[in-house]
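[1] quick one, what's the 3D model for this:
(2 chains)
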Protein chains: 2
Amino acid sequence: MNVLKKTSAADLGRVQATIKKELASEKIIQEIYEYIFNAEGKKTRALLCLLASKSQDIKSNSRINLASIIELLHTATLVHDDVVDESELRRGTRSVNQVWTNSYSVLIGDFIYSKAFILMVKLGIPSILDELAKATNDIARGEIIQLELFENKQLIELKDLLKVSYLKTGRLFEASAKTGAMLACRSKEEVKTFGLLGKALGTAFQIQDDILDYEALRLNTGKPALKDFKEGKVTFPLYFALQHANAKDKNFLMSLLGKSKILKKDQNKIYQLIQNEKTQKDINVLLNKYIKETLKHLNNLKHHACYNEMLDLITFSKIRKI
Amino acid sequence: MNVLKKTSAADLGRVQATIKKELASEKIIQEIYEYIFNAEGKKTRALLCLLASKSQDIKSNSRINLASIIELLHTATLVHDDVVDESELRRGTRSVNQVWTNSYSVLIGDFIYSKAFILMVKLGIPSILDELAKATNDIARGEIIQLELFENKQLIELKDLLKVSYLKTGRLFEASAKTGAMLACRSKEEVKTFGLLGKALGTAFQIQDDILDYEALRLNTGKPALKDFKEGKVTFPLYFALQHANAKDKNFLMSLLGKSKILKKDQNKIYQLIQNEKTQKDINVLLNKYIKETLKHLNNLKHHACYNEMLDLITFSKIRKI
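    As a prediction, this is how the structure comes out:
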C-alpha cells in the first residue's frame, strides 16, 4: 500500500525475506512456498504488529520475526480456507488447491502452521505464545461456526456475522497488535488498548473486504468479483440487501447464492440490489462504527511512535480498493 | 490393549477425560469431538509418553496433560490424513470427512492442533514445546514427501519408505518418549535413549500397521482390509512383493493399486503375492531389525520404573493384530 513509510516498507521487505529463508527445505515445499508468497498480499497483519512493536528498547530482529510468524499463521489459514471454500482464485492468482490438489493444501497449511509455532517457541515469550495459540484456535472455531451458520442462511442475524467476523479476521488483527505491544514490553493497559484497536480494525477490514467482493464488478483491480457470493457466503452487504429487498428480489438473490456461474445480466442485477440506498447506508454506518472505534483507541496512543502510521493504516482500511 | 498395567490403564482413562473436558465449547465442535473420540484408538503414543515420564518427583497432572497433548496432536493428523487419503473409514467407523465433509475435517483438525498448542503453552516447558512443534512440522513434511513419492510409484526405494515412515509415524513416537523423559527431568543421555527407542518403536509400529492392512483380509478384527492398497499406497509389504513378483504379477498389482473396488478373487491373489515366502522373509527381517533396535535402547533403561511395561509394549507392537 502506498501509505507506507520507508522504514515500514523496509520492515515488510525483511518479513518477506525471513519467511522465504525459513521455508526452504524439501524441494516440493519450496516450490509451493514460492507459489504462495509470489502472490504477495498486503501483509496488513504483519504491518499492524510492526507498528505496535515500535520501540527504541527492542531488538529489531525480534520485531521482524514476530511479524513473520503472524504472516505465516495468516497464510496457513488462507491455504486451508481455499480447501474449505473450494476456491479457484486467491489474491487474483490460482489457489494452492487448484494447482496441487486439496491434499497438498491441507498438508502445506499444516506445515506453515507448525513452522510458525517453531518460530514462536524460538522467540521464547510465553505470553505471546499463549495469545497466538489462542488466536489460531479461535480462527478455526470461527470457520467452523460459519460453516454451521451457512447451513441455514435464512436465519442468519447481524450478531452472527459480527461474531464470525471477529473470530475469523478481528481475532488475528487483535493478536497482531497485542503481541506487538507485548514484545515492546508496553504496560498492561497499553497492550489492552492495542488489542481493542486491532479487534475493531480487523472487523472494519472484513466489512471493507465484503464490500469489495461486490465493488470488484465495477473496479479494475484484478480482484475476482462475487467470489464470496459464488461460494454461497452471506456477507455484510448481502445481509443488508436481503433485509431491504422485496420478496421477489430476495428470492432472486437466494436462488443465485452459491452458484459458480452467473450471467452478466444477473451480476448487474445483484450489484444494483447491493447498491440500494438503504443497504449502502447500513453498510456505511457499520463500517464507520468500527473505524470510529479504532480511532477512539488510537486516541489513547498519541504518545506512541506508531501514531501517524497507524492513523494512515486506519484511513487506508476504510477507503482501500485492494 | 490387554498388556496394560492397572495404573497405566487408569492414566489412559484420565487422558481420555482430559481431552473430553478440554474440547467442549461450541456445540458443533463438541459433536465432532464426541464422534472422533468415541472411536477410541489404542493411544499408543500417549502410553509411550506416560511410561517415559514415570517418576516419583513429578506431578501426576502434568504427565496426564502431556499425554493428552500428544494424543490431540495425533488425532489432528488423523483427521487431516482422512482428507488427504479421501478415507471412508478410520478406526473401523466412518471418518470425519464422510460424516461432515472435507471442510469440517480441515477446520476441526486445525482446531485440535491449536488446542494442543494452547495446552503445551500452559504446560510451560520450552524444550517440550520446541520438540512438539518440530515433530508436528516433520509429520506434515513427511506427508508432503509421501504425496510426491507416490506420483512415481515405480521408482520408490526402501530408503524412501523408511524416511516417510520415520517422519509420519516414528517422529511422533520419538517426541512422545523424549518429551515424557524431559518432563521427568531425566538426564540428556536418557532423553536421547528414550528418543531413539521411540523412533525405532514407531517404525516397527508402522511396519506392523502395513502388514495388518493385508492381514485384515484373513483376520476378523473389524479393521478394514486393503485400505492402504485401495488408496494407492506403496507400503513395506507391497514394496517387497513387487521386488519378488514376476512381470505379470507386478503388472497385476500395479493395475489394481489405488482402485477403490477390488473383486474377491483379485483380493485373494493380492494376499497370495504378499504371502510369497521371500516377501514374508524380507518384511519380518525388517520388522525384527527395528524391534531389536528398541530392545537395545531399552537395555539402557533397566533401572527405570517403566522397564517392564515398556518391554510389554514393544512385544505387543510386534505381535498385535489391532
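[2] where do the helices sit along the stretch 101-250 of chain A?
    For the stretch 101-250 of chain A, applying DSSP state H, counting those that start in this stretch gives helices covering A:102-123, A:126-149, A:158-165, A:171-183, A:188-215, A:227-230, A:236-244, A:247-256.
[3] helices or strands up against the longest one?
    Helix A:188-215 is packed against helix A:44-52, helix A:158-165, helix A:171-183, helix A:227-230, helix A:236-244, helix A:264-275, helix A:277-298, helix A:307-319, with contacts defined by 3 or more Cβ pairs under 8 Å, 6 or more residues apart in numbering or on different chains; DSSP states H and E. C-beta: built from backbone N, CA, C; applies to glycine.
[4] using a markdown table, lay out those helices together with mean neighbour count.
    Output for those, formatted as a markdown table (neighbours: other Cβ atoms under 10 Å in any protein chain shown):
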| stretch | mean neighbour count |
| --- | --- |
| helix A:44-52 | 27 |
| helix A:158-165 | 18 |
| helix A:171-183 | 28 |
| helix A:227-230 | 20 |
| helix A:236-244 | 21 |
| helix A:264-275 | 15 |
| helix A:277-298 | 17 |
| helix A:307-319 | 17 |
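[5] mind putting those helices in CSV, mean pLDDT and distance to B:Lys159 included?
    Shown next, in CSV, are these (pLDDT from 0 to 100; distance: least, Cβ to Cβ, whole Å):
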stretch, mean pLDDT, distance to B:Lys159
helix A:44-52, 95, 40
helix A:158-165, 97, 47
helix A:171-183, 98, 41
helix A:227-230, 92, 44
helix A:236-244, 97, 54
helix A:264-275, 95, 55
helix A:277-298, 97, 55
helix A:307-319, 91, 51
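[6] which one of those lies nearest to chain B?
    helix A:158-165 (10.6 Å; Cβ to the nearest Cβ).
[7] hmm, who's touching the closest one?
    Applying Cβ atoms under 8 Å, 6 or more residues apart in numbering or on different chains, the contact partners of helix A:158-165 are A:142, A:145-146, A:149, A:202-203, A:206-207, A:234-236, A:239.
[8] that older thread, of the helices of the stretch 101-250 of chain A, which stretch is the most buried?
    helix A:171-183 (a mean of 28; mean count of other Cβ atoms under 10 Å in any protein chain shown).
[9] quick one: pLDDT of A:Val3?
    On the pLDDT scale, A:Val3 is placed at 60.
[10] same thing with A:Glu86?
    At A:Glu86, pLDDT is 68.
[11] what secondary structure does A:His303 sit in?
    Of the three states, A:His303 takes coil according to DSSP: H, G, I helix; E, B strand; the rest coil.
[12] how about the contacts made by the residue nearest to the spatial centre of chain A?
    The centroid of chain A falls nearest to A:Thr169 when counting by Cα atoms, centre = their mean (4.9 Å). By Cβ under 8 Å, 6+ apart, the residues touching A:Thr169 are A:202-203, A:205-206, A:209.
[13] let's go with 10 Å and repeat that
    Residues near A:Thr169 by Cβ atoms under 10 Å, 6 or more residues apart in numbering or on different chains: A:45, A:74, A:77, A:139, A:142, A:199, A:201-207, A:209.
[14] follow-up on the earlier one: could the helices of the stretch 101-250 of chain A go into a markdown table alongside distance to B:Gln272?
    Formatted as a markdown table, the helices of the stretch 101-250 of chain A follow (distance: least, Cβ to Cβ, whole Å):
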| stretch | distance to B:Gln272 |
| --- | --- |
| helix A:102-123 | 31 |
| helix A:126-149 | 46 |
| helix A:158-165 | 55 |
| helix A:171-183 | 55 |
| helix A:188-215 | 58 |
| helix A:227-230 | 51 |
| helix A:236-244 | 60 |
| helix A:247-256 | 56 |
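[15] and these: which comes nearest B:Leu23?
    When the helices of the stretch 101-250 of chain A are compared by Cβ to Cβ, helix A:126-149 sits nearest B:Leu23, at 11.0 Å.
[16] could you dump the closest one to PDB, C-alpha only?
    The C-alpha coordinates for helix A:126-149 follow below in PDB (Å, rounded to 0.1, in the frame of the first residue of the first chain):
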ATOM      1  CA  PRO A 126       5.200 -17.200  26.900                       C
ATOM      2  CA  SER A 127       2.500 -14.500  26.900                       C
ATOM      3  CA  ILE A 128       3.000 -14.100  23.100                       C
ATOM      4  CA  LEU A 129       2.900 -17.900  22.600                       C
ATOM      5  CA  ASP A 130      -0.300 -18.100  24.600                       C
ATOM      6  CA  GLU A 131      -2.000 -15.300  22.700                       C
ATOM      7  CA  LEU A 132      -1.100 -16.600  19.300                       C
ATOM      8  CA  ALA A 133      -2.100 -20.300  20.100                       C
ATOM      9  CA  LYS A 134      -5.400 -19.000  21.400                       C
ATOM     10  CA  ALA A 135      -5.900 -16.800  18.300                       C
ATOM     11  CA  THR A 136      -5.200 -19.700  16.000                       C
ATOM     12  CA  ASN A 137      -7.800 -21.800  17.800                       C
ATOM     13  CA  ASP A 138     -10.400 -19.000  17.700                       C
ATOM     14  CA  ILE A 139      -9.800 -18.600  13.900                       C
ATOM     15  CA  ALA A 140     -10.600 -22.400  13.400                       C
ATOM     16  CA  ARG A 141     -13.600 -22.100  15.700                       C
ATOM     17  CA  GLY A 142     -14.900 -19.100  13.700                       C
ATOM     18  CA  GLU A 143     -14.600 -21.000  10.500                       C
ATOM     19  CA  ILE A 144     -16.500 -24.000  11.900                       C
ATOM     20  CA  ILE A 145     -19.300 -21.700  13.300                       C
ATOM     21  CA  GLN A 146     -19.500 -20.100   9.900                       C
ATOM     22  CA  LEU A 147     -19.900 -23.400   8.100                       C
ATOM     23  CA  GLU A 148     -22.700 -24.300  10.500                       C
ATOM     24  CA  LEU A 149     -24.300 -20.900  10.100                       C
END
